[in-house]
Each structure stands twice: as C-alpha cells, then as structure tokens.
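**Q** Need a 3D model of the sequence below.
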Amino acid sequence: MKVLSAHQRQLKLCVSAALSLALNAAFASPVADEDELALVYGAGDSVSIATGNLQALRRAPAVATVITAADIAAMGATDLDQVLESVPGIHVNRTPNSYSPLYVVRGIVSAYTPQILMLQNGVPITTAYIGNKGNIWAGYPVEHIARIEIIRGPGSALYGSDAYSGVINIITKGPSEAAGTEIGVRAGSLSTYDGWVQHGGKLGAIDVAAYLRVGQTDGIRETIEADAQTRNDKIFGTKASLAPGQLNTEYKAVDANLDLIYGAWRARFGYKRRYDMGSGAGISSALDPVGRQQSERVTSSLSWAEPQVTRDLGLGASLSTQQYSQEMPTRYNLLPPGLAFPTGPFPNGMIGAPETWERTYRLSGYADYSGVRNHHLRVGLGHDDIDLYRTREFRNFNYASNGTPIPLPAVIETTYTTPFLRPQRRKIDYVYLQDEWSFAPDWNLTAGVRHDHYSDFGGTTNPRLALVWDASFDLTAKLLYGRAFRAPAFAESYGITNPVVLGNPNLKPEKNATTELSFAWQARTDATVNLTFYRYKMKDIIRTVPNAMTGTGSTYKNTGDQTGHGIELESSWTVTRDLRLSGNYAFQRSTDETNHTDAGYAPHNHLFGRADWAFTSGYQAGAQVNWVAGRKRAFGDARTNLSDYTTLDLTLATRNGRNQWNFALALRNLFNTDVREPSPAPGLTLPYDLPMAPRTVSLQASYKL
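**A** Numbers count the residues shown, from 1 in each chain. You can find the predicted model right below:
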C-alpha cells in the first residue's frame, strides 16, 4: 500500500470534506442560508460521543450514527421514537405500563430496557427507580434537536453504567443553531396539538438560546381485545374486565430549554412535564380509563471547557443536576371495579398509587493532553450522588402470605407502614483513561478503561479497544472490543412488601462484552456504504426468579446469559442534486443460554428505506418504508409468533428561507397497517399484544424571523 505523507493526508481530508460539503449543498434548497447549511448538513460528518472529542464519523472508534435536524425534518418526524426507528439495529416497541417506548438494540430487551443509556447534551437522564429514562415518558419533541448521536454497542469505558447495548445523546439547539426566532404550530390526528417558539441570539456578551413548547393529544385509542382481568374473570367467575376496550394514552406536555454561553462557560436548563397522562394498557395490564399520572423533570448543568490551556493541554469540568418525580393525582385502578379474589371482593377496584421523588448531582472533570507524539490522552474523573429521597403510596389492599391481595375497607396511605420502597441513596466515584494512538500512517488505536465504585455493591472495571485502519482513500476498517455493565435499579435491589416481585440487595451489575468488525466505504463521490458484523455475550442478567421457599411470588436475581450476533448494512446515495436515497438493513439472532431458545421480542430482520426529492424550488417530498419481520416469542410463551409488518410514510414540505412561512404535511402508516408489538411472556395478561398507531396525518406551520 502506498504510504501518504502528512501533507497528502491533510490534502485527503480537505478534499473529502469539500466533497461532502459540495454534495450536501447540492441537495439542499438554494434559498437556505449558507451558515444553516453548514450547521444542519455538515454536522452529520462528525461525532463526539465516541471519544468525547469531535472527530470524523467515518474514523470514530465506534459504530455510530448521526442524525441531523435536516434528517429529522426530511422524514417528517414529530417525536424522538419515529427518528430512532430509522437507525440500523434499533427497533422501538412498547411496554403495557404507560405505553412507554422500549429502545431495543441488537436484540437486547427487557421490561423497561434500562440497558441503553440516554444522554441530553452529554448528561445522563437516567432515573434511579427503574433505571431507565423514566416510564412516564410520553414522547420527546424534535423541533429543538440539533442532532442525535448514537452508539450501537458498549460504551461503559467512557460513560459508565447503562451504556450497555448503546448510547443515545440528544443535543439540543444552541444559540448558533437556533439563530433568530421561530414560531410553530402543529395539528393532527388523535386530537393532537402542539405549539412552540424558539430563539437564538445575544444578550450583551452572552449567547442565548431558548425554547418553549406546549402540546396535548388524546393518544392512540386502538382496541385491547383481552387483558389481565379477562383471565381473572375466567378463573374466579366474575365479569369485571373492561376489555374489549381502548388504550389510554392521552397526555398533556410542557417542554422548555434555556442555553447560555459566556466565553468558556456554558449553562443549560431543561424542563419536561407530562400530566393528565393515561396508563396505556394499564399498570397491571388491565385497562384503566380512570387513573392519571404525571412526571416532572428539571435538569441543569454548568460546564467550563478550555481546549487549549496550553499548546498541548485542554481542560474541562461540569456540574449537573436532575430533579425527577412521578405522581398519581388520580390513583390507578390496578384492576377494575367488580373483581373478586378468594380473599374477598373489590367493589371499587384494586386501587394503588406508588409515587417517587429523586434528585441526582453529577460532578466531573477531564484533561486532554497531546504533548506525547502521536498520542491523544484523556483522563477523567467524577462523582455522582443519586438520592431517591421520598416515596409515597396509597392503596386499598394488602397481601396474604400466598401473594393474593386482601381487600381493605378504604384506600389508606402505606408509606410509613408497608411501603413498596423506602428512600435510598447511592454514591458513585469513577475514573477513566483513554489514549488515541496514531502508531502508523493510516492506523489508529484507541484504548480506554474506566473503574466505577458504587457505595452499595462495590466496584466494576470496563475496558475498550478500537483499531481503525484507513485501508485506502475510500475505505476504512474498524475492529472493536468493549465491555459494559448495567447497575441494578433501586426497584430491583430494594423493593419490599410486594411478594409478587421482591427486591434483592445482593444484586450485582449485568455484564456485556461485544466484538465488532465494521467497514465504511465511499463507493462513489456521491454514495457511501457501511457494513458491520457484531457478536456479544451477556452475563449475570437481572431477572425475576420464583421464590423456592414460599412457593409464591418472585425475587430479582443475577441469573442466565444471553448471546447474540448480527449484521448491519447502511447506505446513502445522492442520485442527483434533487434526489437522495438512503436506507439500512439489520439482521440479528439472540439466544437465551438458559434454555437455548430465541430471546424473543426483537425482529430478526429490520429494513428501513427513505427517498427525499427536492422537486421544485423551495419544495421537498419524502417517502419512507419500514419492514419489521421475524419476531419470535420468548421462552414459555406458547402464542404464535408475531406477524411481520410494513408501513409507508409520506411527507411534503416547503423549504423557504427566513421571513417566510414553511409548511409540512406528514402522513404516517399510509395503508393503515395493523402493527402489533409483543406483550410480555407468557402472554396471559395481554394475549393479543399491543396495537400501535393507525394511519395518522399532521400539518405543521412555522415562521422564522
């Protein structure tokens, strides 16, 4: 292979960047501002989530995807879930409880999928109670998103817990991306209404970006043919079930962001509230048209970064907080009025209301050093303080020794007598080291390791290795290995007074080791192809195990392994200056090693394709197809496998410049396909699974000053 000089390598990078910008500019609307083109289109060529430093996406030491604001607008997406479904290796299904989205990555899925780490502007938004982003989620708006960076595969060597199957980093629009003032409104099917305003500018010496959105929806009202109470009725001879009946997915929303930049300092504030929210298919998989819930998330961060304190040294530090609560203003009907157990009848239904309040503080710092020839070193350390400081519960039942509910004469508060969970606190100290070593022309080795020490279960160490080779001008190969872990959630470790699922304070983290081989090929100046092969092995999976001593209920334990392997293929092609095609295909097989059967829930085959056409000045049309196939049942579920499905979405939008109105029309699931996502095994509570959204239409209008 011909060895390029340093000058030639720099020239190669410049030519590649110029070609990329030229192609993106050709595809963009001619009336857009040049700075907007660079921000919106050029951002897709680089990524920071792989190492903490901005670098070319193609050479990043990870299997990464970047989705820009332009991509989101082109696909007509109105929510984060619609965007993530377009990423190779990721499929979005749902949980019955609150109809919350589950981000299934490479076949790794569980009841609440805490195995994927979600960041907002680089800061985890994990909640302590169940370990994921929060079950009272109810969507995430996309108008204020500048870009989304996604790693598929382990990231614990840099990000710690939950960076297990992948990492999703949502980067909101700052003062430059949101320059000017934009107002927007949207109305659509399911009585859905949204309005927002965002602004980017200066306030004296401070750069400012602000965003406010309010919205509401009646939600999906698809029919649940049978539920958990249907089965109880058959067993106990009652007629209490509300099935067939409708899903309850309505909610109201408020979202707000404030971003302030002063020199090397940056302060961000976020607010996300969901209220008057239904319980999906029911908290206990029994339809509940009465219960209402709400969540409130308040985030803040203050960061300082100086990339060149000296010629070779960069420093940074941040302090962030999250306040999160989930409350039930109208208590859940866990089971409907009229049910009866051998312990007695529940004329008003089985009522419960578990509530939690928590706060998290995160302090971190890092140093970058490039004073050693061909090395770029980063060392970081931090401290997290996670405090679930308050719990509260109301209910009209207790439990018999065999786990059967015993009716109480009224709803009482059990917070101080038999709570579902007592307040808990966890402290984490961590340190990590990373070295990016260019040990030969066109070769780069990234090595990293991170050690986390938890106050409740001890320490865990997780390494990574990434070898990146620019095999030729148009081909880059990557060989990657990494270990990851997922810490037990508080509900898994410390849940009490519920003999159905008891917590276990002796739980250890789940572990995952993944090997990946990836190729990035610039097939033509206007076409790219990426191909990835992967294999992983999960150990010490946290699952529920029947209580052998009592014969009733279950307890969380580290038990069982899972292995998986797959292929991900993605490509994009700018056919002409007005037409762009893109798509991806993912194949995966995951095996539960306990019983040597398919792990279930995730599609074996997932195909996504999109075409964007700028058919006349200032107008753009798009079409996308999503094919999901090969979803097997988990062990113990005797139902037939889920049906494959294909959906087609269409969009039509204007792309006018400033001081003009823009409009967007989006039609999703054009042919009204009956889409179903799997309900948990063994399928006795929701035998016909969870129906997804029918055909919907939305119309959006926005004006930018």
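
**Q** what about the strands in the stretch 351-500 of the chain?
**A** Taking DSSP state E, counting those that start in this stretch, the strands of the stretch 351-500 of the chain run over residues 375-399, 405-413, 424-440, 443-454, 458-472, 475-486.

**Q** Adjacent strands (with direction) for the second one?
**A** Read that as strand 405-413. Neighbouring strands of strand 405-413 in its sheet, by DSSP bridges, are strand 375-399 (antiparallel).

**Q** how about the strand it pairs with: buried residues?
**A** Neighbour-count burial for strand 375-399 flags 376-378, 380-382, 384, 386-388, 391-397, 399 (criterion: 16 or more other CB atoms under 10 Å). Backbone N, C-alpha and C define where each C-beta goes, glycine included.

**Q** Tell me which of the strands of the stretch 351-500 of the chain sits most buried.
**A** Counting by mean count of other CB atoms under 10 Å, strand 475-486 has the highest mean neighbour count of these, with a mean of 21.

**Q** got any ranges where the stretch 501-650 of the chain has weak pLDDT?
**A** Counting by pLDDT under 70, the stretch 501-650 of the chain contains low-confidence ranges at 548-552.

**Q** residue ranges of the strands in it, please?
**A** 501-502, 510-524, 527-539, 542-546, 554-558, 562-576, 579-592, 597-598, 605-616, 619-629, 645-654.

**Q** picking that back up, the strands of the stretch 351-500 of the chain: which one's closest to residue 630?
**A** strand 475-486 (25.7 Å; CB to CB).

**Q** Direction included, what does that closest one pair against?
**A** strand 458-472 (antiparallel), strand 510-524 (antiparallel).

**Q** buried stuff in the last one?
**A** The neighbour-count criterion (16+ other CB under 10 Å) identifies 510-516, 518, 520-522 as the buried residues of strand 510-524.

**Q** returning to what we had before: can I get the strands paired with strand 475-486 in CSV including distance to residue 345?
**A** Shown next, in CSV, are the strands paired with strand 475-486 (distance: least, CB to CB, whole Å):
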stretch, distance to residue 345
strand 458-472, 48
strand 510-524, 41
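
**Q** so which of the ones you listed gets nearest residue 217?
**A** Across the strands paired with strand 475-486, closest to residue 217 is strand 510-524 (CB to CB), at 34.7 Å.

**Q** Run the angle between the closest one and strand 554-558 for me.
**A** 60 degrees (axes from the mean of the first three to the mean of the last three CA atoms, to 10 degrees).

**Q** In CSV, could you pull the C-alpha coordinates for strand 510-524?
**A** Provided in CSV are the C-alpha atoms of strand 510-524 (Å, rounded to 0.1, in the frame of the first residue of the first chain):
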residue,chain,number,x,y,z
GLU,A,510,-25.3,-7.1,34.5
LYS,A,511,-22.3,-7.5,32.2
ASN,A,512,-21.9,-7.5,28.4
ALA,A,513,-18.8,-8.0,26.1
THR,A,514,-19.1,-7.1,22.4
THR,A,515,-16.8,-7.6,19.4
GLU,A,516,-17.5,-5.6,16.2
LEU,A,517,-15.9,-5.5,12.7
SER,A,518,-17.0,-2.5,10.7
PHE,A,519,-16.3,-1.1,7.2
ALA,A,520,-17.0,2.3,5.9
TRP,A,521,-16.8,2.6,2.1
GLN,A,522,-17.0,5.8,0.0
ALA,A,523,-18.4,3.8,-3.0
ARG,A,524,-18.6,7.0,-5.2
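
**Q** Could you check how far that strand is from the centre of its chain?
**A** On the basis of CA atoms, centre = their mean, to the nearest Å, strand 510-524 sits 20 Å off its chain's mean C-alpha point.

**Q** go on, stretch 507-514?
**A** The chain centre lies 19 Å from the centre of stretch 507-514; the measure is CA atoms, centre = their mean.

**Q** residues making contact with it?
**A** Residues outside stretch 507-514 that contact it (CB atoms under 8 Å, 6 or more residues apart in numbering): 108, 115, 153-154, 161, 164-165, 457, 460, 480-488, 492-493, 534-542, 556-558.

**Q** If the closest residue to residue 198 other than its chain neighbours is in a bridge, with which residues?
**A** Among residues not flanking residue 198 along the chain, residue 211 sits closest, at 4.2 Å (CB to CB, 6 or more residues apart in numbering). Residue 211 has the following beta-bridge partners by DSSP bridges: residue 198, residue 257.

**Q** burial count for residue 211?
**A** Residues lying near residue 211 (other CB atoms under 10 Å) number 23.

**Q** tell me the contacts of it?
**A** Contacts of residue 211 (CB under 8 Å, 6+ apart): 143-144, 172-173, 178, 196-199, 255-258.

**Q** before we move on, the earlier item: how about CSV for the strands of the stretch 351-500 of the chain, with mean pLDDT added?
**A** As requested, the strands of the stretch 351-500 of the chain are arranged in CSV below (pLDDT from 0 to 100):
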stretch, mean pLDDT
strand 375-399, 96
strand 405-413, 93
strand 424-440, 97
strand 443-454, 98
strand 458-472, 97
strand 475-486, 98
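
**Q** So for residue 102, which of these sits nearest?
**A** If you check each of these against residue 102 by CB to CB, strand 475-486 wins as the nearest, at 14.6 Å.
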